[in-house]
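Novice: Can you look at this prediction? I've put the sequence above it.
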Amino acid sequence: MIRNALICIFSLALTTALVQPASAQGVRYWTDAEMKAYAKSMSPKINEGRYSLERLGDWGSHYALMVHREGDGPSEVHDIHTDFYVVQNGEGTLIVGGEIVGGKTTAPGEIRGKSVKGGKRHPLKPGDIVNIPPKTTHQVVVEDGKTITYLILKVKAQ
């Protein structure tokens, strides 16, 4: 199932790359074993926010991040990026919609806050895939004692 999800992601990335100038194109391949290993390799790098983040690549119109969380992430909303998640390991809950609590602008077109008020909750587990369009409030929360590792493909809106 995870392999099928990765094929979908890379197909999307390839399609996006084909409409970019030649200088923005680039091919990067990750094996299933490499993707599964991120949870283990990122856990020792946890910061005070109870997460670690690794940028996997940047291709102009989109970039990829691997995120490992051992606690709640911030609530966020961004104007120009679609977030495409593929859960690799662990479990958590995605909250979408509602309002950001304690929101502050952290970058142009991006607001982050402490939590989400009034959003809809969706359980996350390995193999799950989520598409979060621009201007959609969202947050990943993780119960105490649990962890989650997921890939984010951030695609700029056209």
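Specialist: Good, I have the coordinates. Numbering: from 1, shown residues only.
Novice: From here on, just use CA atoms for contacts and neighbour counts.
Specialist: Will do.
Novice: can you map out the strands along this protein?
Specialist: 51-58, 62-69, 75-78, 81-90, 92-96, 99-101, 104-107, 110-113, 115-117, 120-124, 129-132, 138-141, 148-156 (DSSP state E).
Novice: Name the strands paired with the fourth one and say parallel or antiparallel.
Specialist: So the one you mean is strand 81-90. strand 129-132 (antiparallel), strand 148-156 (antiparallel) (DSSP bridges).
Novice: export the strands of the chain to a markdown table and tack on distance to Ser43?
Specialist: Conversion of the strands of the chain to a markdown table gives the following (distance: least, C-alpha to C-alpha, whole Å):
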| stretch | distance to Ser43 |
| --- | --- |
| strand 51-58 | 7 |
| strand 62-69 | 7 |
| strand 75-78 | 21 |
| strand 81-90 | 12 |
| strand 92-96 | 16 |
| strand 99-101 | 27 |
| strand 104-107 | 25 |
| strand 110-113 | 23 |
| strand 115-117 | 23 |
| strand 120-124 | 19 |
| strand 129-132 | 22 |
| strand 138-141 | 17 |
| strand 148-156 | 9 |
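Novice: And the ones you listed: which comes nearest Lys36?
Specialist: With C-alpha to C-alpha as the criterion, Lys36 lies closest to strand 81-90 of those, at 6.3 Å.
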